[in-house]
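*Asks:* need coordinates for the following:
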Amino acid sequence: MKYALVTGASRGIGKAIAINLAKTHHYNIILNYRSNTEAAIKTKKLIEKEGVICELLQFDVANTENSKNRLEEFAKNNPEATIEVIVNNAGITRDGLFMWMKSEDWNSVINTNLNGFYNVTQPLLKKLLQHRYGRIINIVSLSGLKGNAGQVNYSAAKGAVVAATKALAQEIGKRKITVNAVAPGFITSDMSADFDEKELKKLIPLNRFGEAEEVADLVSFLASEKAAYITGEVININGGLYT
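*Replies:* Modelled structure (predicted):
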């Protein structure tokens, strides 16, 4: 049975991606979330309406041991499962000027956004290589490409994942495993709820924020056979704000 794992998938962009992969590619879904069980259960029900299995897997991607143990537990309980697609979407922000940034705000953002990529992807890589097929898709950010004042920690973490995406793509391409990154700009979500949309959209050539479903469509394409010759790429989806 073929599965796609989406981290941070109870809400927002992760939720849209998980639903799209179920609907478009009929992947069974492993829905990772950290704490919001109520939202995860609601998303699970929406995914299961597409006629696929949805397994909830609660763990914090920032925790190396917890991530490894939960993924091993899933594999042990589902020996017939093959995880073909990994979408590293889980992310947090702790914004503030670098001059006054506390070490915990630096470390928590690095641990979730950068180390989370390692903690989820590395334990699953051996089986992907044995399977000789796979898609690894990392959700990065406009901030990781152009930098963003007040987000030195977030920009550093996402920029590092961009570099890791390009390097890992070179390591495993011969096994028909692609590794790509998707870099959203301003997307309507919980993370952007406090933004001044009226002012910010003036900076965007398309004059609006993007929708989570639009990001999900791009991820869905990269997860498909049609994207077999695309790897090591960072694809912007930002309405023309930065290219």
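*Asks:* C-alpha from now on. contacts and neighbour counts both.
*Replies:* Fine.
*Asks:* quick check: buried residues in stretch 118-127?
*Replies:* 118-121, 123-125 (16 or more other Cα atoms under 10 Å).
*Asks:* so where's the chain shaky on pLDDT?
*Replies:* Applying pLDDT under 70 to the chain flags the ranges 190-195, 243.
*Asks:* residue boundaries of the helices in the chain?
*Replies:* 12-25, 37-48, 64-77, 103-110, 116-131, 143-146, 152-172, 197-200, 212-222 (DSSP state H).
*Asks:* so what's the nearest residue to G96 once chain neighbours are set aside up against?
*Replies:* Using Cα to Cα, 6 or more residues apart in numbering and skipping the chain neighbours, the partner closest in space to G96 is G150 (4.6 Å). Residues in contact with G150 (Cα atoms under 8 Å, 6 or more residues apart in numbering) are 95-98.
*Asks:* the same query, at a cut-off of 6 Å, please.
*Replies:* 95-97 (Cα atoms under 6 Å, 6 or more residues apart in numbering).
*Asks:* for S143, see how far away it is.
*Replies:* 10 Å (Cα to Cα, to the nearest Å).
*Asks:* can you check K174 too?
*Replies:* 31 Å.
*Asks:* check D95 too.
*Replies:* 12 Å.
*Asks:* tell me which of those two has more neighbours.
*Replies:* Neighbour totals were compared for D95 and S143, and S143 leads with 21 against 16 (other Cα atoms under 10 Å).
*Asks:* so what's the most centrally placed residue in the chain up against?
*Replies:* For the chain, the residue sitting closest to the mean C-alpha position, by Cα atoms, centre = their mean, is N89 at 1.8 Å. Shown in contact with N89 (Cα under 6 Å, 6+ apart): 7-8, 139.
*Asks:* so which of those belong to strands?
*Replies:* Counting by DSSP state E, the contacts of N89 place I139 in strands.
*Asks:* just the contacts of N89 now: which is nearest A227?
*Replies:* Distances from A227 to the contacts of N89, taken as Cα to Cα, are shortest for I139 (16.5 Å).
*Asks:* got the contact list for G12?
*Replies:* Counted by Cα under 6 Å, 6+ apart, G12 has contacts S189.
*Asks:* could you give the number of residues near L46?
*Replies:* 16.
*Asks:* repeat for R135
*Replies:* Neighbours of R135 (other Cα under 10 Å): 24.
*Asks:* isn't it up against V85?
*Replies:* Yes - the pair R135 and V85 qualifies as a contact (Cα atoms under 6 Å) at a distance of 4.7 Å.
*Asks:* now the common contact residues for these two.
*Replies:* Going by Cα under 6 Å, 6+ apart, no residue sits against R135 while also sitting against V85.
*Asks:* V179 against G134, yeah?
*Replies:* No - applying Cα under 6 Å, one finds V179 not in contact with G134, separated by 8.6 Å.
*Asks:* one step back: just curious, which of the contacts of N89 is nearest to K76?
*Replies:* T7 (19.5 Å).
*Asks:* OK, contacts around the closest residue to that closest one other than its chain neighbours?
*Replies:* With sequence-adjacent residues excluded and distances taken as Cα to Cα, 6+ apart, T7 is closest to N32, at 4.6 Å. N32 sits next to 7-9, 57-58 when contact means Cα under 6 Å, 6+ apart.
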